[in-house]
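Visitor: only the shape, not the letters, is given here:
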């Protein structure tokens, strides 16, 4: 599941804070309907200090620390016998402005996305009443960001101009397959044993170690996109350790990653068509066509032209896709993308397209996040062994959804030869082979037009979690809705975190609450690609993450 993480930095320095011994914990708390206080056992397990590597963009109150956890774990989260290797997790925290009563652990998605800046992002977006009583904690998952050891593969993969993702013939397809095999081999050669221990369950157990080190019997959790699956797994493995569970832009619980990516390619295409339709409604501004079909034709014609003449020797078809995919994550990006397309198509000005690529595209610094993405996805579930299956599915879905299907296939193709192997998808529920689902309450949030995580995943998880309530943003195009300015959604999230109050669960399959989407973005006059997004968009795993562009 490809996901982008909306973040302003790519943290790479190793934190210098040291971890003291973790204290013994009290017995797990009772069921969710009992006392909801986050009991603080001991606050001395982590040594918090300045986040020097995140300055100056971080919240001035942001603190950082590290936590050492086992590299290899048993199924129940204990240290694997005979393996003394460890992982150092980089953590961050913004303390409550008043007396801390609860701790919110937040994950932005990915997988492969560094998360420490999310303590700042989340704290700033919370209402004042929650900031007063909540510590907000985030972390870089094992292998990415400032956590060590690091996942490293091959930064040269991202050097422009990259091969066209839509293979023109068998030779082009074979070359793309070779690139995917080489990248998988580089990840294994340059990373080592860590790749054997990067499943979602490993990170879920790391989360419980963080909870323990914070001195908490239970935590509140907010997870976006892939972070919703991480939260689903954590709550299934550690049900007594959850006080409140908010899962936003929900990953389908019944679709392992290969199947999820096929569904996602269709959703990305639907989202692109929404963008084309919007651009057509503003033809007086952008001049790309008066119907969505005409705008789509202009986009795909430009894509073909860039194969012969990349903009600035940098933006070819694949780089165009890497920048334009942002339209599937937030409607707020539409003016800047439409402006850049208009400038190049109508005026021959490629500068805005280059700027779009620099803001949203992939480069050598994407290597660690992409490797981190593959490390999780390739091992979380099984992938087809026969390439003919990949090809047949790609050709079939591409005919229906040409916007990103082949791009998505190659993004995940290293999993076909991933050295660390794969395991069984952890599917929650009460069926054969399924892990018992979390029975406590949970709040699910999803925009119905989300292109990265199709909304049917939210409905499916609602059925899997008996205590879950689903809030949808009807007609919303934002990937990651909670605490982003929709009053209806934000009030439901705040009430749940503050008081443990959920809206009533409706009869049937949901949603339980329908919130009206925020207005569509206004077009930006001119064709200079202005109207840029408020925060840079760094590619994480392109299919399951959270901070929307504004």
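Guide: Structure's in. What do you need? Small disclaimer: the values here were computed from a predicted structure and weren't measured. Numbering: from 1, shown residues only.

Visitor: C-alpha only now, for contacts and for neighbours.
Guide: OK.

Visitor: measure residue 504 to residue 396 for me?
Guide: Distance, residue 504 to residue 396, by CA to CA, to the nearest Å: 41 Å.

Visitor: again, but for residue 118
Guide: Remark: distance between residue 118 and residue 396 (CA to CA) = 38 Å.

Visitor: how about the contacts made by the nearest residue to residue 409 once chain neighbours are set aside?
Guide: Nearest non-adjacent residue to residue 409, counting by CA to CA, 6 or more residues apart in numbering: residue 394, 6.8 Å away. By CA atoms under 8 Å, 6 or more residues apart in numbering, residue 394 lies in contact with 405-406, 409.

Visitor: okay, residue 118 and residue 396: which has more neighbours?
Guide: Taking other CA atoms under 10 Å, residue 118 and residue 396 do not tie; residue 118 has more neighbours (28 against 12).

Visitor: pLDDT at the more buried one, what is it?
Guide: Per-residue pLDDT puts residue 118 at 96.

Visitor: in what helix or strand does the nearest residue to residue 167 once chain neighbours are set aside lie?
Guide: Of all residues not flanking residue 167 in the chain, residue 173 sits nearest, at 5.1 Å (CA to CA, 6+ apart). If you go by DSSP states H and E, residue 173 is part of helix 170-191.

Visitor: just residue 484 next, same as before
Guide: Using DSSP H and E, residue 484 sits in no helix or strand.

Visitor: same check on the one 4 residues further on?
Guide: Assigned by DSSP H and E, residue 488 belongs to helix 487-499.

Visitor: likewise residue 83?
Guide: For residue 83, there is no host helix or strand (DSSP H and E).

Visitor: excluding its backbone neighbours, what's nearest it?
Guide: Spatial nearest neighbour of residue 83, chain neighbours left out: residue 72 (6.6 Å); criterion: CA to CA, 6+ apart.

Visitor: contacting residues around that neighbour?
Guide: Residues counted as contacts of residue 72 (CA under 8 Å, 6+ apart) are 79-80, 83, 85-86, 197.

Visitor: now, those that are in strands?
Guide: The strands, defined by DSSP state E, take in residue 86 from the contacts of residue 72.

Visitor: just among the contacts of residue 72, which is most surrounded?
Guide: In terms of neighbours by other CA under 10 Å, the contacts of residue 72 top out with residue 197 at 20 neighbours.

Visitor: what about this structure, any weak spots by pLDDT?
Guide: 1-44, 56-59, 526-550 (pLDDT under 70).

Visitor: hey, where'd the strands end up in it?
Guide: Along the chain, counting by DSSP E, strands occupy 2-5, 49-50, 63-70, 86-94, 102-107, 134-140, 219-224, 242-248, 441-447, 467-474, 513-516, 538-542.

Visitor: could I get these in CSV, plus columns for distance to residue 282?
Guide: Compiled in CSV, the strands of the chain are given as follows (distance: least, CA to CA, whole Å):
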stretch, distance to residue 282
strand 2-5, 27
strand 49-50, 47
strand 63-70, 45
strand 86-94, 42
strand 102-107, 36
strand 134-140, 40
strand 219-224, 31
strand 242-248, 31
strand 441-447, 23
strand 467-474, 22
strand 513-516, 22
strand 538-542, 28
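
Visitor: who wins for proximity to residue 372 among the ones you listed?
Guide: Residue 372 lies closest to strand 538-542 among these, at 8.3 Å (CA to CA).

Visitor: got the phi and psi for residue 117?
Guide: The phi/psi pair for residue 117 (degrees, to the nearest 10) reads phi -60, psi -20.

Visitor: ok, it - how many residues close by?
Guide: 27.

Visitor: tell me how far it lies from residue 363.
Guide: 20 Å.

Visitor: now the end-to-end length of stretch 373-393.
Guide: This stretch, stretch 373-393, spans 22 Å end to end (CA to CA).

Visitor: wait, I meant stretch 480-496
Guide: Start-to-end span of stretch 480-496 (CA to CA) is 17 Å.

Visitor: any buried residues in that stretch, and which?
Guide: 480-484, 486, 488-490, 492-494, 496 (16 or more other CA atoms under 10 Å).

Visitor: run the chain-centre distance for stretch 98-118.
Guide: Between the mean C-alpha location of stretch 98-118 and the chain-wide mean there is a distance of 13 Å, by CA atoms, centre = their mean, to the nearest Å.

Visitor: buried residues in it?
Guide: Neighbour-count burial for stretch 98-118 [16+ other CA under 10 Å]: 100, 102-118.

Visitor: re the thing from before, quick check, nearest of the contacts of residue 394 to residue 375?
Guide: Nearest to residue 375 among the contacts of residue 394, with distances taken as CA to CA, is residue 409, at 16.1 Å.
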